[in-house]
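Engineer: please work out how this folds:
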Amino acid sequence: MLLAVDVTCIHYPSSRLGEIAIDLTQRLRFYLRHGETRHMLNLGKTTPNFCKWLAAFMMLALPDSAFAAPQQLYGRSVVVSWREDRQQKIAGEDQMRLVGAFAEMRVYISDKGRPFSRLTLSVANKHGKIRSGSSNAVDGQGSAGDVSFSRTINFNGATMTASQPRGRGGALQMVVSFDSGFQGCSARVLVGKSAGIQATSGRSLINGQHVEMYSVKAGGESCRIQNGNVFGN
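Structural biologist: Here you go, the predicted structure:
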């Protein structure tokens, strides 16, 4: 099925449209399953930072093989770390506050090409003690405590893309680019929210409290590949 999306991409290289199409196809598949396509289709003009999510035309019904892990990654793990600068408010608080968090996504690709992943978030409390929480996913189905969610991990050549909802109205996307020999990698992380909402909302992975995030900026990404199962004993 061919879908046309009416957008204006400002100063974004046309050579990247193939990767953009894969990224947006993945996002659209998620939103179609959850009945939220209106947030993705009513796009209008966009800035360069967000234009990577967009494409003018794409195939929604791409073959599953287009998203399969390359055999060079079978039996290996990918670890991506980054920092988040947030403006957020915990339930019961009157004022927003600035919070610095550290995040890490670990992905293991089994000998059969199945992805296993874990997202860990860590923050320091006012006493300097680090507190952490994590969520796990297997074959796209994830859980954090009693909350279930979808975390999609797809591959396109030398690129791996991981996407998942981030609270109500928010989304996280991680894009990893591998070198020609699959010995090294680089990553970029995007955290966004649906148009027209002031803040995303959801439960904290760390303490389970309700949190509203008004802005999240990710940066300082690092990426590494290691042999074997990063979750192994």
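Engineer: now do Phe149 against Gln164, distance only.
Structural biologist: Using CB to CB, to the nearest Å, one obtains 6 Å as the distance from Phe149 to Gln164. Where you see a C-beta, it was placed from the backbone N, CA and C, and this is true even at glycine.
Engineer: so which of these two has more stuff around it?
Structural biologist: The neighbour count for Phe149 versus Gln164, taken as other CB atoms under 10 Å, is higher for Gln164 (22 against 15).
Engineer: list phi and psi for that one.
Structural biologist: The phi and psi torsions at Gln164 (degrees, to the nearest 10) take the values phi -160, psi 160.
Engineer: same check on the one 10 residues further on?
Structural biologist: Backbone torsions for Met174, taken as degrees, to the nearest 10, come to phi -120, psi 130.
Engineer: if it is in a bridge, with which residues?
Structural biologist: Beta-bridge pairing for Met174 (DSSP bridges): Ala162, Val189.
Engineer: number of nearby residues for it?
Structural biologist: Met174 is flanked by 26 other residues according to other CB under 10 Å.
Engineer: check contacts around it.
Structural biologist: Val80, Met105, Thr161, Ala162, Ser163, Ala187, Arg188, Val189, Leu190 (CB atoms under 8 Å, 6 or more residues apart in numbering).
Engineer: mind redoing it with 10 Å?
Structural biologist: Residues touching Met174, when contacts are defined by CB atoms under 10 Å, 6 or more residues apart in numbering, comprise 78, 80, 82, 103, 105, 107, 117, 119, 153, 160-164, 187-191, 218, 221, 223.
Engineer: check Asn227 too.
Structural biologist: Contacts here follow CB under 10 Å, 6+ apart; on that basis Asn227 touches Gly75, Arg76, Ser77.
Engineer: tell me the buried residues in the lengthiest strand in the chain?
Structural biologist: Residue-count comparison of every strand in the chain, with assignments taken from DSSP state E, identifies strand 210-227 as the longest. The neighbour-count check on strand 210-227 (16 or more other CB atoms under 10 Å) flags Val211, Glu212, Met213, Val216, Ala218, Glu221, Cys223, Ile225 as buried.
Engineer: check stretch 156-168 too.
Structural biologist: Neighbour counts using 16+ other CB under 10 Å place Asn156, Thr159, Met160, Thr161, Ala162, Ser163, Gln164, Pro165, Arg166, Gly167 of stretch 156-168 among the buried residues.
Engineer: okay, the residues you listed in JSON lines with pLDDT and distance to Ile197 next?
Structural biologist: Putting those into JSON lines (pLDDT from 0 to 100; distance: CB to CB, whole Å) gives the following:
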{"residue": "Asn156", "pLDDT": "92", "distance to Ile197": "30"}
{"residue": "Thr159", "pLDDT": "96", "distance to Ile197": "29"}
{"residue": "Met160", "pLDDT": "96", "distance to Ile197": "29"}
{"residue": "Thr161", "pLDDT": "95", "distance to Ile197": "24"}
{"residue": "Ala162", "pLDDT": "93", "distance to Ile197": "23"}
{"residue": "Ser163", "pLDDT": "91", "distance to Ile197": "18"}
{"residue": "Gln164", "pLDDT": "89", "distance to Ile197": "18"}
{"residue": "Pro165", "pLDDT": "86", "distance to Ile197": "13"}
{"residue": "Arg166", "pLDDT": "85", "distance to Ile197": "12"}
{"residue": "Gly167", "pLDDT": "81", "distance to Ile197": "10"}
